[in-house]
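Enquirer: I'd like to go over a predicted model; first the sequence, then the structure.
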Amino acid sequence: MKEVQVIFVREIQIHCPYCGKITLGYYEDPRGKMIECEYCENTFIVSKSTSLDFS
Ligand SMILES: [Zn+2]
């Protein structure tokens with residue numbers, strides 16, 4: 001049986017921990033990076049150990 005080694009991520013949604021809104025549009029792995037919320041302009045860090053939620 002063949003095995004797939006890469007999964008293509010089409011969209012990443014992050015809930016801002018300050019205002020709770022969903023920021024969109026990260027096409028690189030945001031883990032370990034600082035993000036500035038496009039709504040409230042607060043910055044926060046996405047934990048390197050952030051889990052992926054496929055629900
Ligand atoms: Zn925010």
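Expert: Received the coordinates, thanks. These numbers were taken from a predicted model, which means no experiment stands behind them.
Enquirer: how about the residues of this protein near the ion?
Expert: For the chain, the residues in contact with the ion (CB under 5 Å from the ion) are 16, 18-19, 37, 39-40. No exception for glycine: its C-beta is placed from N, CA and C like everyone else's.
Enquirer: In those residues, find the pair that's most separated.
Expert: Tyr18 and Tyr39 (8.7 Å; CB to CB).
Enquirer: for stretch 4-13, which positions count as buried?
Expert: Residues of stretch 4-13 classed as buried by neighbour count (16 or more other CB atoms under 10 Å): Ile12.
Enquirer: what mean pLDDT would you report for it?
Expert: Averaging pLDDT along stretch 4-13 gives 88.
Enquirer: Next: stretch 43-51.
Expert: Mean pLDDT, taken over the full extent of stretch 43-51, equals 93.
Enquirer: Now do the buried residues in it.
Expert: Of the residues in stretch 43-51, those scored as buried under the neighbour-count criterion (16+ other CB under 10 Å) are Val46.
Enquirer: for stretch 13-21, same thing?
Expert: In stretch 13-21, the ones that count as buried by 16+ other CB under 10 Å are 14, 16.
Enquirer: which residues sit against it?
Expert: The list of residues contacting stretch 13-21 from outside it, by CB atoms under 8 Å, 6 or more residues apart in numbering, reads 22-24, 26, 30, 35, 37, 39-40, 42, 44, 46.
Enquirer: Could you check how far that stretch is from the centre of its chain?
Expert: Put simply, stretch 13-21 sits 10 Å off its chain's centre (CA atoms, centre = their mean, to the nearest Å).
Enquirer: related to what we said a few turns ago, any chance of the residues of the chain next to the ion in CSV, with pLDDT too?
Expert: Converted to CSV, the residues of the chain next to the ion look like this (pLDDT from 0 to 100):
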residue, pLDDT
Cys16, 95
Tyr18, 97
Cys19, 97
Cys37, 93
Tyr39, 95
Cys40, 96
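Enquirer: List phi and psi for Cys16.
Expert: Summarising the backbone geometry of Cys16 under the convention degrees, to the nearest 10, its torsions are phi -60, psi 130.
Enquirer: What number of residues are in the vicinity of Phe54?
Expert: Number of residues near Phe54 (other CB atoms under 10 Å) recorded here: 4.
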